[in-house]
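here's my sequence, what's the structure:
(one chain, ligands or ions: 1)
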Amino acid sequence: MTSSSAGAATADVLTDAGWPRPIIGGWPIPWVSHPSNLSYQDADRMQAVLDGPLCQVCGQPHEACCRVFLCVNAENEGTDRSVVLSEQIVLAMDNGVMHERCVRLAIARCPVLREIQAKNALIVLSAVVDDVQRGEIDGRPQLAVQGSAAIIEDII
Ligand SMILES: [Zn+2]
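Numbers count the residues shown, from 1 in each chain. This is a model prediction of the structure:
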């Protein structure tokens, strides 16, 4: 495959923020991921996602009061869809809070998300960005959403 028109993406350099996402080896490259190993997430960029919040897929900020999208692995949460909503606090996988088109791209192309989806354990939530809060779990920073979360059934 060839690189997209988004720039001179190579496997050695982190990609620029924005759309379209660069494609390397047939895979769209998330802003947080190292192009040579998509499972490796750059620590500085993950911190920026936490501090922003920024979208982990495109690296662009979320506007105030907009709705954002996040994925929950029900297996990791040890729960199911009804419990996720009744708890009213859910944890975003990889601290990823995404734009709608970015979460659609992630679900369509990310092998990890597709594997979770195949197990019927992928839960996609939408929430007002202002309800996304930074906290800590076991000493590690973690984004959580409280209050406005709703399961999106038709996005996948
Ligand atoms: Zn995005």
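
when you work out contacts or count neighbours from here on, use the C-alpha atoms and nothing else.
Will do.

output the below-cut-off pLDDT ranges for this structure.
Where the chain drops to pLDDT under 70, the residues are 1-11, 76-92, 95, 137, 141-142, 156.

okay, strands next: where are they in it?
23-24, 27-28, 33-34, 37-41, 67-73, 89-91, 122-128, 132-137, 140-146, 150-151 (DSSP state E).

show me what the last one is in contact with.
When contacts are taken as CA atoms under 8 Å, 6 or more residues apart in numbering, the neighbours of strand 150-151 outside the stretch itself are 85, 123-127.

can you pick out the most distant pair from those residues?
The two members of these with the most space between them (CA to CA) are 123 and 127, at 12.9 Å.

and for residue 20, the neighbour number?
13 (other CA atoms under 10 Å).

circling back to that earlier point, now, which of the contacts of strand 150-151 sits nearest the ion?
Using CA to the ion, residue 126 comes nearest to the ion of the contacts of strand 150-151, at 13.6 Å.

the closest one: how many residues sit nearby?
21.

tell me the contacts of the residue sitting nearest the centre point of the chain?
By CA atoms, centre = their mean, the mean C-alpha position of the chain lies nearest to residue 96, the distance being 3.2 Å. If you count contacts by CA under 8 Å, 6+ apart, residue 96 has them with 49, 55-56, 70-71, 143.

if we can go back for a sec, quick one: the strands of the chain as a markdown table, columns for distance to the ion too.
A markdown table is the format used below for these (distance: least, CA to the ion, whole Å):
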| stretch | distance to the ion |
| --- | --- |
| strand 23-24 | 15 |
| strand 27-28 | 13 |
| strand 33-34 | 13 |
| strand 37-41 | 16 |
| strand 67-73 | 9 |
| strand 89-91 | 18 |
| strand 122-128 | 14 |
| strand 132-137 | 15 |
| strand 140-146 | 16 |
| strand 150-151 | 19 |
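
how about those strands, which one is nearest residue 108?
Checked against CA to CA, the stretch from the strands of the chain lying closest is strand 27-28, at 10.4 Å.

quick one: strands adjacent to that closest one?
Here strand 27-28 is paired, per DSSP bridges, with strand 23-24 (antiparallel).

who in this protein is up against the ion?
For the chain, the residues in contact with the ion (CA under 5 Å from the ion) are 55, 58, 99, 102.

so residue 55 sits right up against residue 69, yeah?
No: if you go by CA atoms under 8 Å, residue 55 and residue 69 don't touch, sitting 9.4 Å apart.
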